[in-house]
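> pasting the sequence and the predicted model now:
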Amino acid sequence: QARSHRFFPQFPIQGFLSIQIIQHRSIPMSLPSHVRLVEVGPRDGLQNEAQPISVADKVRLVDALTAAGVSYIEVGSFVSPKWVPQMAGSAEVFAQIQRKPGVTYAALAPNLRGFEDAVAAGVKEVAVFAAASEAFSQRNINCSISESLARFVPIMEAAKQHGVSVRGYVSCVLGCPYEGNVAPEQVALVARELYAMGCYEVSLGDTIGTGTAGATRKLIEVVAADVPREKLAGHFHDTYGQAMANIYASLLEGVSVFDSSIAGLGGCPYAKGASGNVATEDVVYLLNGLGIDSGIDLEALIVAGQHISTVLGRASGSRVARARSAQ
């Protein structure tokens, strides 16, 4: 059954958005045989660090992740260094990394200027992000949800011209630091807009890490009425220790793409108390235990995580890495 596309009341209607989206309500009966992990540590992880991180250390991290078999790495972000100092030098990082065929090296490009800089650096895939919470959108990027979506229209048009793929993020899908609970239907509205614009995949982010397995399954069920499950990804923070449970719940719902961060790096500067993303090492350990292939060498991954943790002067945020180092 097809559902007519609906827009936010104040969002300017664009012709290419007037499409029909097929509802997908079937619940998978088995776990996937393969999962793709989107490594966000070099971008989402390092951008929240207080200390300066050299281009050389960033390049070393990306190359180590490539060597470990990671097939998708978010390398950097093309934003003003004034707002995100740690992402300065992203063009230099892209110029120096050892690119391997079959691996996606992506970047965040929140506006047209950032997109143009990314293309100039040889980036073939970019990410854009919107929030499911109006309050978070205002605090994070100083505009409403509708205004943020409107900013993506020229990016999508330029991406089509340059043959660049675009991935979408929705933040605060299971809770907001300012509004509290966020209705799954509101998340579905934002995810639907991003998918309709041309984002080939939409990542659902539990920015403050308050989600539970039950809420996660309900969220995916609602969003999947407008965006097919095979086009959804999960992005879970571990603030309340629920990230792994939420990933398993998502697997049961047919989601087979997850964002994770080496050594559990990251957080959210606009969400007080939010811990880092779920550690890539821990997710790979879970997948290995379930017999699900990720194509990633866990031991090589642990070494990469330990190295960047040493650079940052602290212990790894990965429980698996800490357990292995204690043996």
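Done, it's in.
> quick one: find the helix or strand in the chain with the lowest mean pLDDT.
Each helix and strand of the chain was given a mean pLDDT (mean pLDDT, DSSP states H and E); the minimum falls on strand 20-22 at a mean of 33.
> just the element for the residue lying closest to Asp44 once chain neighbours are set aside, please.
Residue nearest to Asp44 in three dimensions, not counting chain neighbours: Gly266, with 4.9 Å by C-beta to C-beta, 6 or more residues apart in numbering. Placement of C-beta: from N, CA and C, glycine included. Per DSSP states H and E: Gly266 is located in neither a helix nor a strand.
> would you confirm that Gly266 contacts Val278?
No - the pair Gly266 and Val278 does not pass the contact test of C-beta atoms under 8 Å, sitting 9.5 Å apart.
> show me the strands in the protein, by range?
In the chain, the strands defined using DSSP state E lie at 2-4, 20-22, 36-39, 72-77, 104-108, 125-131, 165-171, 201-206, 232-236, 257-260.
> mean pLDDT lowest where, among those?
Lowest mean pLDDT within the strands of the chain: strand 20-22, at a mean of 33.
> buried ones in stretch 201-218?
Residues 201-213, 215-217 are the ones in stretch 201-218 that count as buried (16 or more other C-beta atoms under 10 Å).
> quick one: Arg217 from His307, how far?
36 Å (C-beta to C-beta, to the nearest Å).
> picking up where we left off before, now the common contact residues for Gly266 and Val278.
His237 (C-beta atoms under 8 Å, 6 or more residues apart in numbering).
> which one is Phe78 nearest to, not counting chain neighbours?
Gly114 (3.8 Å).
> and the one you found, how far from Gly198?
Plainly put, Gly114 is 17 Å away from Gly198 if you go by C-beta to C-beta.
> comparing those two, which residue is more hemmed in?
Gly114 (21 against 18; other C-beta atoms under 10 Å).
> residue contacts, that one?
Taking C-beta under 8 Å, 6+ apart as the test, what Gly114 contacts is 77-79, 108, 126.
> tell me the one among those nearest to Ser165.
Val126 (7.6 Å; C-beta to C-beta).
> what's across from the closest one in the sheet?
Ala107, Val166 (DSSP bridges).
> try Ala279
Listed by DSSP bridges, the beta-bridge partners for Ala279 are Ser261.
> you'd agree it is up against Arg322?
No - counting by C-beta under 8 Å, Ala279 stays clear of Arg322, with 9.7 Å between them.
> what touches both of the two?
What both Ala279 and Arg322 touch, as defined by C-beta under 8 Å, 6+ apart, is the set Ser316.
> more neighbours, these two?
Neighbours were counted for Ala279 and for Arg322 using other C-beta under 10 Å; Ala279 has more, 31 against 18.
> show me what contacts that one?
Contacts of Ala279 (C-beta under 8 Å, 6+ apart): 238, 260-264, 305, 316-321.
> could you rerun that using 10 Å?
41, 45, 238, 243-244, 260-266, 285, 301-302, 305, 316-322 (C-beta atoms under 10 Å, 6 or more residues apart in numbering).
> could you list which of those belong to helices?
243-244, 285, 301-302, 305, 319-322 (DSSP state H).
> can you select the buried ones from those residues in PyMOL?
The command below creates a PyMOL selection of those among the ones in helices among the contacts of Ala279 that count as buried (16+ other C-beta under 10 Å):
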select buried, resi 243+244+285+301+302+305+319+320+321+322
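> need the ones in helices among the contacts of Ala279 in TSV with pLDDT and distance to Gly89, can you?
Listed next are those as TSV, based on pLDDT from 0 to 100; distance: C-beta to C-beta, whole Å:
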residue	pLDDT	distance to Gly89
Ala243	96	29
Met244	97	33
Tyr285	98	32
Leu301	98	24
Ile302	98	26
Gly305	97	22
Arg319	95	31
Val320	97	30
Ala321	97	27
Arg322	95	30
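> which members of the ones in helices among the contacts of Ala279 are the farthest-apart pair?
Farthest apart among the ones in helices among the contacts of Ala279 by C-beta to C-beta are Ala243 and Ile302. That separation is 18.0 Å.
> hmm, back to that, out of the strands of the chain, which is closest to Val93?
Among the strands of the chain, strand 72-77 sits nearest to Val93 (C-beta to C-beta), with 5.4 Å.
> the closest one: which residues count as buried?
So, applying 16+ other C-beta under 10 Å, buried residues of strand 72-77: 72-77.
> since that was my last question, I'll sign off now.
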